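K.L.:
quick one, what's the 3D model for this:
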Amino acid sequence: MHKIKFEYRITVIYLLVGGGWIIFSDKFVQSLTSNNAVLTELQTYKGWFYVCVTAILLFFMVKKHLLKIRKAEQEAIKSNELKSAFLQNISHEIRTPMNSIIGFSDLLQFEDLSQKNRQEYTTNIINSSNQLLSIVDELMDISLIETGNMKVYESRFNLNQFLDEIVASFHLTLKKEIEFSIEKGLSDELSTIKTDEHKLRQVIQNLLTNSNKYTETGKIILTYSVSNEEIKFCIRDTGIGIPHELKELVFERFRQINESNKKLNDGVGLGLAICKGHIELLNGKIWLESEAGKGTSFYFTIPLKRT
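P.N.:
Okay, the predicted model is just below:
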């Protein structure tokens, strides 16, 4: 059923209220007196009363509608600004690996190329291709999440072994100045669970990557605990932290923790939005605690489904 437009609604309401007021107020006034002079004076007061009341009602109705319009306008402007920043950023992010792929592919055509250089160029092409594929994957994921077409595929796996695999891969990119540790809340024998392994992996890897990216020295700790039939994960770091005013914004699309620092601003700004979308699909919740200059702790929960 289509919603009636505002201008039609307000016109119908005005006519109904006005018609009802004329019919019933006239009968009421005529029941008070039969003196024509008094009736004329009462009709004048009645008219002014109706004008004042309807003016007040119209004012508040129009004001409420205008507030909605202005809010929508502000959100549209904000969305356009974010999209513009996103397009500029993603243009850079796509061109960088594409230029690398094209450039090193051209170099491979030289016949006198040494085996060492050929291997180096091939490795750069593979890395750039993976980087480009990662960007495309993020764009596909956020599109599926926003359109409601992202599906959950649950599987049975051992959580502790699953985390060991993630940590082993993470150690390859971990900065030398950072100390990493992991604390598990279940024994290996009791850590078999059922959930969407791919989405959980993507969330943890995204959060670990962010911690590594925004931490120069210090610690990164990955922990999980079990209570009230849910698993609570925490990824804590001693990095640059997140200002208080950005805590509610970092999970939005195209947002980045440090947009002013180009050195750190090398992603498309979709990682945390995808994390939030995945956790909500898994019937969990995600939040953070942070203090600028002292580090950040990301928390998220998922239901505990034992097998």
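K.L.:
can we go C-alpha only for contacts and neighbour counts from here?
P.N.:
Fine.
K.L.:
which parts of the stretch 101-250 of the chain are strands?
P.N.:
Along the stretch 101-250 of the chain, counting by DSSP state E, counting those that start in this stretch, strands occupy 155-158, 178-183, 192-195, 218-227, 230-237.
K.L.:
for residue 25, find the nearest of those strands.
P.N.:
strand 230-237 (63.6 Å; CA to CA).
K.L.:
returning to what we had before: dump the strands of the stretch 101-250 of the chain to CSV, plus mean neighbour count and mean pLDDT.
P.N.:
Compiled in CSV, the strands of the stretch 101-250 of the chain are given as follows (neighbours: other CA atoms under 10 Å; pLDDT from 0 to 100):
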stretch, mean neighbour count, mean pLDDT
strand 155-158, 14, 96
strand 178-183, 14, 96
strand 192-195, 19, 95
strand 218-227, 16, 96
strand 230-237, 20, 97
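K.L.:
adding distance to residue 97, write those strands out as JSON lines.
P.N.:
What follows is those, written out as JSON lines (distance: least, CA to CA, whole Å):
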{"stretch": "strand 155-158", "distance to residue 97": "34"}
{"stretch": "strand 178-183", "distance to residue 97": "27"}
{"stretch": "strand 192-195", "distance to residue 97": "34"}
{"stretch": "strand 218-227", "distance to residue 97": "29"}
{"stretch": "strand 230-237", "distance to residue 97": "29"}
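K.L.:
which one of those strands lies nearest to residue 120?
P.N.:
Each of these has some distance to residue 120 by CA to CA; the shortest is strand 178-183, at 27.8 Å.
K.L.:
the closest one pairs with which strands, and in what direction?
P.N.:
strand 218-227 (parallel) (DSSP bridges).
K.L.:
can I get stretch 95-103 in PDB? Just the C-alpha atoms.
P.N.:
C-alpha atoms of stretch 95-103 as PDB (Å, rounded to 0.1, in the frame of the first residue of the first chain):
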ATOM      1  CA  ARG A  95      45.300   1.900 -10.200                       C
ATOM      2  CA  THR A  96      48.300   1.000  -7.900                       C
ATOM      3  CA  PRO A  97      48.100  -2.800  -8.400                       C
ATOM      4  CA  MET A  98      47.000  -2.400 -12.000                       C
ATOM      5  CA  ASN A  99      50.000  -0.200 -12.800                       C
ATOM      6  CA  SER A 100      52.200  -2.800 -11.100                       C
ATOM      7  CA  ILE A 101      50.700  -5.700 -13.000                       C
ATOM      8  CA  ILE A 102      50.900  -3.900 -16.400                       C
ATOM      9  CA  GLY A 103      54.500  -2.600 -15.700                       C
END
